[in-house]
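J.: Quick one: sequence plus predicted model below, questions after.
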Amino acid sequence: MKHVDIYTDGACRGNPGKGGWGAILVYGGREKELSGGEAMTTNNRMELMAAIAAMEALREPCDITLTSDSKYLTDAINKGWLRSWKKNGWVKSDKKPVLNVELWERIDKLLSVHTVRFVWVHGHAGHEYNERCDVLATTYADSL
């Protein structure tokens, strides 16, 4: 299985507001940048969309290290929240419905295709790829 490093970030101008996401895929010394966004969205949705778009861009199952500054994304996977939400009919432990269910369902499906390790990094702390993803995300949001 090929190993791919993925870096992602999401941004929103207002929350909700104009949003953008950015992702960088690194494989075999090559890099591919992706970006997109929505005219009315939230920061959390953009964080999830960055991860979805990056994983969906892969043409075959891969071993992935996905690095993000989103605790929403990384904790949901690493702390088992996604698994619990799905098991409990998309209801959180506080009995409130899970937000962004359709995006979490897409991530869940992608996790059945790829082997993914999620790594959290501090945002705006000088991490080269995180900073570049932030530029991709904010540039896209500002273009809307």
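T.: Ah, there it is. Numbers count the residues shown, from 1 in each chain.
J.: and Ser84, that one's in a helix?
T.: Yes - inclusion of Ser84 in a helix is indicated when DSSP: H, G, I helix; E, B strand; the rest coil is applied.
J.: I figured it was touching Trp90, is that so?
T.: No - using CB atoms under 8 Å, Ser84 and Trp90 do not qualify as a contacting pair, with a distance of 10.1 Å. Every C-beta, even on glycine, is put in place using the N, C-alpha and C of the backbone.
J.: what touches both of the two?
T.: When contacts are counted by CB atoms under 8 Å, 6 or more residues apart in numbering, the set common to Ser84 and Trp90 is empty.
J.: so where do the strands sit in the protein?
T.: 2-14, 17-27, 30-41, 62-68, 115-120 (DSSP state E).
J.: okay if I get those strands as CSV plus distance to Ala141, mean neighbour count and mean pLDDT?
T.: Output for the strands of the chain, formatted as CSV (distance: least, CB to CB, whole Å; neighbours: other CB atoms under 10 Å; pLDDT from 0 to 100):
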stretch, distance to Ala141, mean neighbour count, mean pLDDT
strand 2-14, 5, 22, 97
strand 17-27, 3, 23, 98
strand 30-41, 5, 16, 98
strand 62-68, 17, 20, 98
strand 115-120, 22, 14, 98
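J.: Out of the ones you listed, flag the one nearest Tyr129.
T.: For the strands of the chain, the distance to Tyr129 is smallest for strand 2-14, at 3.7 Å, taking CB to CB.
J.: residues in contact with Tyr57?
T.: To be clear, residue 57 is Ala; Tyr isn't right here. Taking CB under 8 Å, 6+ apart as the criterion, Ala57 is in contact with 23, 25, 32, 34.
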